[in-house]
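Asks: quick one, fold the following:
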Amino acid sequence: MPHNPTPASPGQLGAVFTRQGDIWHPSILSSGPWDARAQHGGAPGALFAYLAESALADPEWQLARLSIELIKPVPVAPLTTHQDLHPGRSTTRITIDLFAGETLVARAHALLVRGQPLNLPPDVPGWSPARLLPPPSECREPLSIPGMPTSTSFYHSAMEHRMAQGDSTRPGPAATWFRLTVPLIQDQPTSPTMRAAAAADFGSGVSWVLSAENYLFANADLSLHLHRPAEGEWIGLLSETQVHAGGVGTALTRLYDERGPIGLATQTLVLRERAPASRTKESALAQ
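Replies: Numbering: from 1, shown residues only. Next up, the predicted model:
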């Protein structure tokens, strides 16, 4: 039986990212559950949110859309960024490239909208449900996806998660509350949008429909649309996944805070069947 070391506590590992000049250094807290060398999508997603929000100092600007293309696995290794800013009177667009060495590994397109107070009628129709219930204070069970490793990672060590609806051990739609338990960036506050981006990439995992033992279902992108900033530390995901035998799937997630809806997220899934040999090898290692 292989040795499975006890994961380090988040407090021992610091933040998900530290910055040294123009270089971003990800810690092991950024890693995905399947390969400690590659980041979970929520880590670079939240970093992109930070970079987009930092590009405009005026607090009247709100990040309304963040579309992320995961071009290659984002390594747990030093990273650099390049930004192009396209300002406007009511909207500003920013393109952010993320590099590992000279290799482009991810790209984000951000849309920021200048906020303007409105007098809205009280009976404007909204989403159903209007709140994600039960609230996190009444939820106890963690997200537990069959076959998901519990080594130190973004999923297991940087996030607290509590099931709100559904059963994470069975396939199908479900809802989960997420909360970052460590700083995303050393010595920097974690904004509501960064929290939403960090959690949104979990939608396909929350609502899995294919066994991780028999299939791969990596998301190649993440599109986040927010109509207001989140309040509080908890971000709720109400998610469902659709797959097709052609090898493509879609995960749709409605995003909540404890007060109500804040936006939605979509993911394009690349579906692949695991080779029988790899299934046999993994089963043997698990024994």
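
Asks: thinking W61 is in contact with V113, fair?
Replies: Yes: W61 is within contact range of V113, at 7.1 Å (criterion: CB atoms under 8 Å). Glycine gets a C-beta too; all of them are placed from N, C-alpha and C.

Asks: report the longest helix in this structure, please.
Replies: What stands out as the longest helix in the chain, according to DSSP state H, is helix 42-54.

Asks: let me see the mean pLDDT of that one.
Replies: In this model, helix 42-54 has a mean pLDDT of 97.

Asks: remind me what it packs against, helices and strands.
Replies: Counting contacts by 3 or more CB pairs under 8 Å, 6 or more residues apart in numbering; DSSP states H and E, helix 42-54 is packed against strand 61-70, strand 91-100, strand 103-114, helix 192-200, strand 221-226.

Asks: helices and strands around the third one, which ones?
Replies: Spelled out, that is strand 103-114. Short answer (3+ CB pairs under 8 Å, 6+ apart): strand 103-114 packs on helix 42-54, strand 61-70, strand 91-100.

Asks: for the second one, same thing?
Replies: For strand 91-100, the elements it packs on are helix 42-54, strand 80-86, strand 103-114, judged by 3+ CB pairs under 8 Å, 6+ apart.

Asks: alpha carbons of the second one, as PDB, please.
Replies: Right, the one you point to is strand 80-86. Output of strand 80-86 as PDB, limited to C-alpha atoms (Å, rounded to 0.1, in the frame of the first residue of the first chain):
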ATOM      1  CA  THR A  80       4.400  36.600 -15.700                       C
ATOM      2  CA  THR A  81       1.600  38.600 -17.200                       C
ATOM      3  CA  HIS A  82       1.000  41.000 -20.000                       C
ATOM      4  CA  GLN A  83      -2.000  43.400 -20.200                       C
ATOM      5  CA  ASP A  84      -3.700  45.400 -22.900                       C
ATOM      6  CA  LEU A  85      -6.200  48.000 -21.700                       C
ATOM      7  CA  HIS A  86      -9.000  49.400 -24.000                       C
END
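
Asks: got the buried residues for that strand?
Replies: T81 (16 or more other CB atoms under 10 Å).

Asks: and it, how far out from the chain middle?
Replies: 21 Å (CA atoms, centre = their mean, to the nearest Å).

Asks: that one pairs with which strands, and in what direction?
Replies: Within its sheet, strand 80-86 is paired with strand 91-100 (antiparallel), according to DSSP bridges.

Asks: give me the mean pLDDT for the partner strand.
Replies: The average pLDDT for strand 91-100 rounds to 98.

Asks: what does stretch 247-257 give?
Replies: Throughout stretch 247-257, pLDDT has a mean value of 98.
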